[in-house]
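Q: one predicted model, sequence on top.
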Amino acid sequence: MTDTISRPAAAPAHDEDLTDFAPAPARFRHDGWTAERQRAFIAALSEYGCVSDACQAVGINARSAYKLRRRPGAEAFDAAWDQALVVASHRLTTLAFERAVYGSTRQIWKDGVLVAEERRVSDRLLIFLLQHFDKMRYGKLSGLLPVPIGDPRGDANAALPKMLAALTDQTEPAEPLGPVDYLAVERARFDDR
């Protein structure tokens, strides 16, 4: 059964590093893994975080993508694939927080008729996220240091009003949003410390 997923076309990557790789060698076919299609797949994978959705965006099946990834000479494609999933993980982390806070909807059907919907919040997901994003307070590192640990939320709360005031409307048209190299952003933030 093939469902069509209504997704926007994969935007070209603004970060050239993500799609700047040596494409895997492949026999030329107009409907096959051309270099352009490989780059479009990597860009879509970094956006969606789902191989089947990225394959659908470029018109190739997932089985073919996995075969190409294992092909000799496809090491750069394989590395770009891994990088794209790291980029997508930042978006998926945001979705996980949303699901932990607002829950997910479950439909209740009886005799083929939708009779109710209920929203289920995931406390386990929320605990997992807190343990991984605030390790000093909720994770394995909590209680290990005998000194009190400062709360980074206080600094963030103090800096937020100034950051919000700095946001202004632009009169010139902006570039369309596309995949972002979140690793480079995180590295730059870490290097600034």
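A: All right, it came through fine.
Q: please count neighbours and contacts with C-alpha atoms only from this point.
A: Will do.
Q: show me the helices in the chain, by range?
A: For the chain, the helices defined by DSSP state H cover 16-19, 35-48, 51-58, 62-70, 75-102, 123-133, 135-138, 152-166, 182-191.
Q: so the second one versus helix 75-102, what angle?
A: It refers to helix 35-48. Counting by axes from the mean of the first three to the mean of the last three Cα atoms, to 10 degrees, helix 35-48 lies at 20 degrees to helix 75-102.
Q: list the buried residues in helix 35-48.
A: 35, 37-48 (16 or more other Cα atoms under 10 Å).
Q: of the residues you listed, which pair is most distant in space?
A: Ala35 and Tyr48 (19.9 Å; Cα to Cα).
Q: re earlier: which one of the buried residues of helix 35-48 is nearest Ala84?
A: Ser46 (4.1 Å).
Q: and that closest one, how close does it get to Lys67?
A: 19 Å (Cα to Cα, to the nearest Å).
Q: now do Ala96
A: On the measure of Cα to Cα, Ala96 and Lys67 end up 30 Å apart.
Q: so which of the two has more stuff around it?
A: Ala96 (17 against 10; other Cα atoms under 10 Å).
Q: could you find the closest non-adjacent residue to the more buried one?
A: In space, and not counting its chain neighbours, Ala96 is closest to Leu125: 7.6 Å by Cα to Cα, 6 or more residues apart in numbering.
Q: pretty sure that neighbour sits against Ala100.
A: Yes: assessed by Cα atoms under 8 Å, Leu125 is found in contact with Ala100 at 5.5 Å.
Q: so which of those two has more stuff around it?
A: Ala100 (20 against 16).
Q: any idea of the pLDDT on the more buried one?
A: In this prediction, Ala100 carries a pLDDT score of 85.
Q: tell me how many other residues surround Ser104.
A: 14.
Q: got the contact list for it?
A: By Cα atoms under 8 Å, 6 or more residues apart in numbering, the contact list for Ser104 reads Arg119, Arg120, Val121.
Q: so where's the protein shaky on pLDDT?
A: 1-20, 22-32, 135-154, 168-170, 174-193 (pLDDT under 70).
Q: swap the cut-off to 80 and go again
A: Within the chain, the segments meeting pLDDT under 80 span 1-32, 90, 131-161, 163-193.
Q: before we move on, back to that, could you dump the helices of the chain into a markdown table and include distance to Glu172?
A: Formatted as a markdown table, the helices of the chain follow (distance: least, Cα to Cα, whole Å):
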| stretch | distance to Glu172 |
| --- | --- |
| helix 16-19 | 24 |
| helix 35-48 | 26 |
| helix 51-58 | 31 |
| helix 62-70 | 40 |
| helix 75-102 | 27 |
| helix 123-133 | 37 |
| helix 135-138 | 42 |
| helix 152-166 | 17 |
| helix 182-191 | 25 |
